[in-house]
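>>> based on what follows, work out the 3D shape:
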Amino acid sequence: MRRAQATSVSAVLVAAATAFAALPAQAAEGSLPQVHAKVETPAVFDDEEGGNASADDPAIWRNDADPNRSLVIATAKEGGIRVYDLDAREVQSIPAQPAPGHDDAPGRINNVDIVGNYAVVSDRGFDALRIYSIDANRAGAPLEEVTDPANAPLIFSADQAEVNDETTAYGLAAWQDPESGRIFAAASEAGRTTHALLELKPDAEGKVGYTKVRTLDLPAEFTLPNGATWSPCEEPGELPQSEGMVADPVAGVLYIGQEDVGFWRVNADFTGEPELVDAVRDFGAPATWDPATEECTYGEDPGFGGDVLTADVEGLTLWNEPKGQGYLLVSSQGDNTFAVYGRSDNKYRGGFALAPGSVIDGSEDCDGAAVLNAPLGERYPNGLAVIHDGYDDPQVEGREGSNYKFVDLAELKAAVGLR
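As a prediction, the model looks like this:
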């Protein structure tokens, strides 16, 4: 089993772990404001009848020529990809492809991000990226795959046998460097602490391949302020993985949500030391895996964690504001809330819960979110937030439904008190 090295990052944590929480009272008191969705997508279902689909991660593509025809592109794991219009109606469904030599083991489209007119997704069943061009004028099929199969290598695995072990491409972020124009993606490895920096390379025929630039490992164990060594409790054989990621290409940084640890700020080129921005509440709490319950049993919490995030740390998304300002949104999955941090200083600014309304339910077990602070036609003139709901109500007996909620960004900002 590979193990990431906790180098000088651990030393940083000794000083930082006691300072995570000089935070507004609303975080500690649980009095977060509530926002509501305007519309929601049809549910997808995690069973054979529904194609074993499970919603996970959304991204928003703005149609600059006609913002009313902008799209939300979202993953459905073994169900592939779903594309929705701004009324949350499905306009395209792309199935996941069966893994090579395993017709009964389809691909698993996990995360998605938008860069220009490309949608980039991580396919866990292939340990690879898939790239799609976006064209709203292709009626009923705005996404078209343009991945160059000759230049789409395995990201973390040596061969298909390793791919079948499922320690494959998981979380994803994609961005374009504003100075060079080069396109990059970062992928995390499921069940591990390794991340790969990839460069996407379009060719003259419109196909897109990619090459690996370098890798970065986050720590798997930490030195606490009391001198003890701590590792998050995980299933046997697994390390504390990451999934939610988002890049700030202007600042040249990448934010990574390590699910049972907190979220990190790293250089987008994967150089230098990672910085833990905020830790989960039970950071440093001793725990052991109970095989009977398949859950962790916790001991006394020494109090080294933060006051905002409850594991898992999941979807991360960033949105810009005028004069280089903006915010970072983080899904605190363990308590079904969302935390907002400043883009420039990474300070906690407040939070909210996506609560049930009179018709549409709220969000539970949120894996991913996307925010676009730009006019999107008549429906969302002040911008849009799309939030994953891992437990869509009403449930159908024997079928676990999940979907995506669309939220007016102006309502979200007003509820949290953001300008």
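
>>> what's the local residue count around the closest residue to residue 141 other than its chain neighbours?
Excluding the flanking residues, the one nearest residue 141 by CB to CB, 6 or more residues apart in numbering is residue 92, at 5.6 Å. C-beta: built from backbone N, CA, C; applies to glycine. Neighbourhood size, residue 92 [other CB atoms under 10 Å]: 18.

>>> check which residues of the one helix or strand residue 92 maps to are buried.
Per DSSP states H and E: residue 92 is located in strand 90-94. For strand 90-94, the neighbour count (16 or more other CB atoms under 10 Å) marks 91, 92, 94 as buried.

>>> if I look at the first one, how far off is residue 123?
Spelled out, that is residue 91. Plainly put, residue 91 is 21 Å away from residue 123 if you go by CB to CB, to the nearest Å.

>>> what is residue 404 paired to in the beta sheet?
Taking DSSP bridges as the rule, residue 404 bridges to residue 388.

>>> is residue 144 in contact with residue 130, as I believe?
No. Residue 144 is beyond contact range of residue 130, at 11.3 Å (criterion: CB atoms under 8 Å).

>>> so which of the two has more stuff around it?
residue 130 (23 against 14).

>>> the residue nearest to residue 141 and residue 143 touch, don't they?
Yes. Here residue 92 lies in contact with residue 143, judged by CB under 8 Å, at a distance of 6.0 Å.

>>> shared neighbours of those two, anything?
81, 83 (CB atoms under 8 Å, 6 or more residues apart in numbering).

>>> which regions of the stretch 301-419 of the chain sit below the pLDDT cut-off?
398 (pLDDT under 70).

>>> can you give me the strands for the stretch 1-150 of the chain?
With strands called from DSSP state E, counting those that start in this stretch, the stretch 1-150 of the chain shows them at 34-35, 39-40, 44-45, 58-61, 71-75, 81-84, 90-94, 98-99, 102-106, 109-115, 118-123, 128-134, 143-145.

>>> tell me which of these sits most buried.
strand 118-123 (a mean of 27; mean count of other CB atoms under 10 Å).

>>> would you pull up how far that one lies from the middle of the chain?
The chain centre lies 13 Å from the centre of strand 118-123; the measure is CA atoms, centre = their mean, to the nearest Å.

>>> and the contacts of that strand?
Contacts of strand 118-123 (CB under 8 Å, 6+ apart): 59, 61, 73, 75, 81, 96, 107-114, 128-134, 143, 146, 169-172, 174, 183, 185, 187, 200, 208.

>>> returning to that earlier point: dump the residue contacts of the residue nearest to residue 141.
By CB under 8 Å, 6+ apart, residue 92 lies in contact with 81, 82, 83, 140, 141, 142, 143.

>>> what's near enough to touch the second one?
It refers to residue 82. Residue 82 touches 41, 44, 55, 73, 74, 75, 76, 90, 92, 93, 94, counting by CB under 8 Å, 6+ apart.

>>> and for residue 391?
Neighbours of residue 391 in contact, by CB under 8 Å, 6+ apart: 364, 365, 400, 401, 402.

>>> what's the separation between the closest residue to the second one other than its chain neighbours and residue 92?
I take that to be residue 365. Distances taken as CB to CB, 6+ apart place residue 390 nearest to residue 365, at 3.0 Å, with adjacent residues excluded. Separation of residue 390 from residue 92 (CB to CB): 23 Å.

>>> same deal with residue 81?
According to CB to CB, residue 81 and residue 92 sit 8 Å apart.

>>> how about the closest residue to residue 389 other than its chain neighbours, phi and psi?
Spatial nearest neighbour of residue 389, excluding adjacent residues (CB to CB, 6+ apart): residue 363 at 4.4 Å. Here is the backbone geometry of residue 363 (degrees, to the nearest 10): phi -120, psi 130.

>>> surely residue 363 is in contact with residue 387?
Yes. Between residue 363 and residue 387 a contact is recorded at 5.1 Å, counting by CB under 8 Å.

>>> next, show the common contact partners of these two.
By CB under 8 Å, 6+ apart, the residues touching both residue 363 and residue 387 are 354, 405.

>>> in contact with the residue most central in space within the chain, which residues?
By CA atoms, centre = their mean, the chain has its centre lying nearest to residue 244, at 2.8 Å. Listed by CB under 8 Å, 6+ apart, the contact set of residue 244 reads 171, 256, 257, 263, 313, 314, 315, 316, 330, 331, 367, 368.

>>> so where's the stretch 51-200 of the chain uncertain?
In the stretch 51-200 of the chain, residues with pLDDT under 70: 51, 101-106.

>>> confirm residue 415 sits in a helix?
Yes. Counting by DSSP: H, G, I helix; E, B strand; the rest coil, residue 415 falls inside a helix.

>>> quick one: contacts for the nearest residue to it once chain neighbours are set aside?
Leaving aside its chain neighbours, residue 415 sits nearest to residue 33 (4.2 Å; criterion: CB to CB, 6+ apart). By CB under 8 Å, 6+ apart, the contact list for residue 33 reads 26, 350, 352, 353, 415, 416.
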